[in-house]
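K.L.:
structure, please.
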Amino acid sequence: QVRLVESGGGLVQAGGSLRLSCAASGRTFSTYVMGWFRQAPGKQRELVARITSGGNIYLVDYVKGRFTISRDNAQNTVYLQMNSLKPEDTAVYYCAARRMSTTLYDYWGQGTQVTVSS
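P.N.:
Purely as a prediction, here's the structure:
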């Protein structure tokens, strides 16, 4: 069982930055693929970024050059650094974990609200 707790959301002006953190419980954190998803009002939840246990990174096209994902296995934490934020980045951001052998994310955090004002 993995418990995930996000933090770092808030209100920021367009062009600003935020860093989201996701603290995970469990001794096997380093073996999990970690993802950041977001869900805007009236829209489906979508994958924004993910990082494998080996550090392989995927970023959705519309955040490339603005967002980065990283992990600190010693601290059981994954980060999402968000720069040059836009109003359309406004959403609830969720951290999630899955095993390398699966495609479905098994564990989810409660979400953290990010609001970007114009």
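K.L.:
how about Ser25: what's its closest non-neighbour residue?
P.N.:
Spatial nearest neighbour of Ser25, chain neighbours left out: Arg3 (4.1 Å); criterion: CB to CB, 6 or more residues apart in numbering. All C-beta atoms are positioned from the backbone trio N, CA, C, and that covers glycine.
K.L.:
what sits against that neighbour?
P.N.:
Residues near Arg3 by CB atoms under 8 Å, 6 or more residues apart in numbering: Ala24, Ser25, Gly26, Tyr107.
K.L.:
which strand or helix spans the residue nearest to the third one when sequence neighbours are not counted?
P.N.:
Right, the one you point to is Gly26. Spatial nearest neighbour of Gly26, excluding adjacent residues (CB to CB, 6+ apart): Val2 at 4.7 Å. Following DSSP states H and E, one finds Val2 outside all helices and strands.
K.L.:
going forward, count from 303.
P.N.:
Noted, 303 is the first residue going forward, which turns the last one into Val304.
K.L.:
how deep is Val304 tucked in, by neighbour count?
P.N.:
Around Val304 there are 19 other residues, counting by other CB atoms under 10 Å.
K.L.:
and it, what pLDDT?
P.N.:
Looking at Val304, its pLDDT is 89.
K.L.:
ok, the one 5 residues further on next?
P.N.:
Each residue has a pLDDT score; the one for Ser309 is 97.
K.L.:
quick check: Ala351 touching Ile371?
P.N.:
Yes: here Ala351 reaches Ile371: they are 4.0 Å apart, a contact under CB atoms under 8 Å.
K.L.:
ranges for the strands of the protein?
P.N.:
306-309, 312-315, 320-326, 334-341, 348-353, 359-361, 369-374, 379-384, 393-401, 409-410, 414-419 (DSSP state E).
K.L.:
want to throw those into a markdown table with mean neighbour count?
P.N.:
Shown next, in a markdown table, are these (neighbours: other CB atoms under 10 Å):
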| stretch | mean neighbour count |
| --- | --- |
| strand 306-309 | 18 |
| strand 312-315 | 13 |
| strand 320-326 | 20 |
| strand 334-341 | 23 |
| strand 348-353 | 19 |
| strand 359-361 | 15 |
| strand 369-374 | 18 |
| strand 379-384 | 22 |
| strand 393-401 | 22 |
| strand 409-410 | 18 |
| strand 414-419 | 17 |
